[in-house]
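Novice: For reference, the sequence and a predicted model appear below.
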Protein chains: 2
Amino acid sequence: MTEDFQFTLQATDGMARRGQIDTPRGEIRTPAFMPVGTAGTVKALYPEQVRETGADILLGNTYHLMLRPGAERVARLGGLHDFMDWQRPILTDSGGFQVMSLSKLRKLNEDGVTFKSHIDGSAHTLTPERSIEIQKLLDSDIIMQLDECVALPAEYAELERAMELSIRWAERSKKAFDDAKGRALFGIVQGGDNSELRARSARGLIDIGFDGYSVGGLAVGEPQEVMFKVLEDITPHLPVEKPRYLMGVGKPDDLLGAVGRGIDMFDCVHPTRAGRHGHAYTRFGVINLKNARHKDDPRPLDETSPNPTARRFSRAYLHHLVRCEEILAAMILSQINLSYYQELMAGMRSAIEDTRFDDHCAAIREGWARGDLPTIE
Amino acid sequence: MTEDFQFTLQATDGMARRGQIDTPRGEIRTPAFMPVGTAGTVKALYPEQVRETGADILLGNTYHLMLRPGAERVARLGGLHDFMDWQRPILTDSGGFQVMSLSKLRKLNEDGVTFKSHIDGSAHTLTPERSIEIQKLLDSDIIMQLDECVALPAEYAELERAMELSIRWAERSKKAFDDAKGRALFGIVQGGDNSELRARSARGLIDIGFDGYSVGGLAVGEPQEVMFKVLEDITPHLPVEKPRYLMGVGKPDDLLGAVGRGIDMFDCVHPTRAGRHGHAYTRFGVINLKNARHKDDPRPLDETSPNPTARRFSRAYLHHLVRCEEILAAMILSQINLSYYQELMAGMRSAIEDTRFDDHCAAIREGWARGDLPTIE
């Protein structure tokens, strides 16, 4: 245990990095995938089940938590870790992304953004200062600056305006953060799909100085190759000795590609959301358990999985639970997907240590390309 | 472990009975509460969590399972125990009750009942013989005869007709059951709220001879005192050396009253359904966690509960999860309610052994009457 936040780069393989973040609440092995606990729960799992999948850290959403149950209330109740009984590190976003995607009647100016809650229509304001305050009230370990995220495709002028505003907000965020002991503050690189704007954004943030650098404004509708191109352009501009976090990404293949381009941290609702919709992630790729091909199949999802839950129940049983919309289906498949994601991260970490990252990723992709087991006749 | 089904009466206190049922799949301590696993899952719990609450046996619904995934399919997949990975005893109902309450266009005659599925409108037939066959395909340990259950209030002639039909179906069920090794067959006493019909029903069933006797046709809309009166009238007519099962009952206070009138076994969806609706059963009575009084309350539901989950999370957190309709709310509250029900059964079993059953029940009821903790100011 450390009293302060620190990142150690332990190994590299090409652009891929193996490292560790130490925080007062425990270490985070990178590359790391952070399950999303939107409203103070990773949906359909107890906190200890999240930990058992291999997660070192989870993400909480400032937007959701400020609306319900409210940041001051969480603080009175001892902070988010005690509230949800997750005692390991928590990263919180700034709330800005969800304001743009979920709220109504939002209005953005130099000071910040005002909006109406998607739950009850109540009016709220987020400024860089208030976002930091909320994240401190939640007792977050890794805090994000407020930024403005623009959906792609977008015009240069619009990308530039939002990127420059985000840098001014980064400066105000840093001031409000005030080097809070044991916590980290990350700046967020913006600039859309424009390399020059991304580079300017990175330089601006590095001048201010952050504990880590997030890449925002991706996974907002652009093709995977655009995202990868932006990462290739941007990571050489980021300090080697700080962690890099690609926000809101992604599917398993996105994770392989982004780690290969120098990213250390990820979060995404996809594995739990897919689980609630009857999809299972496995070494065979994604399996749709709603499909009638599974209804008489006595085989488990993957009999060689290191995850006991993926070996335990027959595909026929999982198909049945999904068809009946049973809560247990969401519980099992969310667990299986988060476990698979963590297995993927652990595999990449080992491969980087052994400088066999490219071969490892090729083998993983080959498994996905082969696809699922043949149907039993 | 025994190779056959047997019931041992170990102690009595007034009419209350403490016993044990031995089956090839394990023992059942009575009085016993059986959680309901309608469609091959006790909703929102893993099987091992159900066991950890203290359940020795669970109930599966023939009606639901015959429609989805189908009894022959469950048999091909190794039976219901393997299908859902619950290796302890399972009791199945006959399907008759759900045909009456859930299906459409049902038509009953001497032979059996034809109906259309509430899921897809497909046509099905249940006869006494087919119901036994389905329950054997499911690999049920305790099988129920098909009966006709009449909603109360009802005319004497209607109650008599259904009771007499149920006895003829009991005879056919016994023949179809054919003393299946290691399994038990229970007859079902009908006759509504009429003592004479109930007594005739019991005599008719005893003449046929069953491994246990269920009391059906209660908890169908009648006041609690009517149910208790029927139990007082009927249990003296039932053989002392066979277990007695009150079907579909009930709330905690119903369980105390029915055990005090000589009942050994219960099942009810109430604890899990109430959990999914934000209600928690505790020694303070039932607590509605949707209520705003909990929103700032840092106290657990019951800090002296033997169930760690009831001591773990704050009321404020549970309130938040319920308000956000999070799956974790259903998971936690279903677990808490099933644990409380099992705690109640265990307490009654001890009290009967120590011949302090009435005092014990009075103390439990006193706790409920005092109500919940005062609100924090």
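Specialist: Received it, and whenever you're ready, just let me know what you need.

Novice: Check whether stretch A:318-330 comes near chain B.
Specialist: Yes: applying Cβ under 8 Å from any Cβ of the partner chain, one finds stretch A:318-330 touching chain B at A:H319, A:H320, A:L321, A:R323, A:C324, A:E326, A:I327, A:L328, A:A330. In this view, the C-beta of every residue, glycine as well, is placed from N, C-alpha and C.

Novice: Buried residues of that stretch, list them for me.
Specialist: A:L318, A:H319, A:H320, A:L321, A:V322, A:R323, A:C324, A:E326, A:I327, A:L328, A:A329, A:A330 (16 or more other Cβ atoms under 10 Å in any protein chain shown).

Novice: picking that back up, out of the residues of stretch A:318-330 next to chain B, which sit inside helices?
Specialist: Residues of the residues of stretch A:318-330 next to chain B located in helices (DSSP state H): A:H319, A:H320, A:L321, A:R323, A:I327, A:L328, A:A330.

Novice: what sits against the second one?
Specialist: The one in question is A:H320. Counting by Cβ atoms under 8 Å, 6 or more residues apart in numbering or on different chains, A:H320 makes contact with A:K295, B:A39, B:G40, B:R68, B:P69, B:F83.

Novice: With A:A310 as the reference, measure out to it.
Specialist: Counting by Cβ to Cβ, to the nearest Å, the gap from A:H320 to A:A310 is 17 Å.

Novice: ok, now the last one?
Specialist: For A:A330, the distance to A:A310 under the criterion Cβ to Cβ works out to 15 Å.

Novice: cool, and the fourth one?
Specialist: With distances taken as Cβ to Cβ, A:R323 is found 19 Å from A:A310.

Novice: what residue is smack in the middle of chain A?
Specialist: Most central in chain A under Cα atoms, centre = their mean is A:D267, positioned 0.9 Å from the mean C-alpha point.

Novice: three-state assignment of A:Q10?
Specialist: strand (DSSP: H, G, I helix; E, B strand; the rest coil).

Novice: From A:E343, how far off is it?
Specialist: Separation of A:Q10 from A:E343 (Cβ to Cβ) stands at 20 Å.

Novice: again, but for A:P252
Specialist: In terms of Cβ to Cβ, A:P252 sits 10 Å off from A:E343.

Novice: of those two, who's got more company?
Specialist: Higher neighbour count among A:P252 and A:E343: A:P252, with 22 against 19, using other Cβ atoms under 10 Å in any protein chain shown.

Novice: quick one: the more buried one and A:L344 touch, right?
Specialist: Yes: the pair A:P252 / A:L344 is scored as a contact, 5.7 Å apart, by Cβ atoms under 8 Å.

Novice: intersection of neighbour lists for the two?
Specialist: A:I364.

Novice: Which phi and psi values does A:V286 adopt?
Specialist: Main-chain dihedrals, A:V286, degrees, to the nearest 10: phi -90, psi 130.

Novice: repeat for A:K116
Specialist: According to degrees, to the nearest 10, A:K116 has phi -110, psi 140.

Novice: ok, it - contacts?
Specialist: Listed by Cβ under 8 Å, 6+ apart, the contact partners of A:K116 are A:S103, A:K104, A:L105, A:R106, A:S122, A:A123, A:H124.
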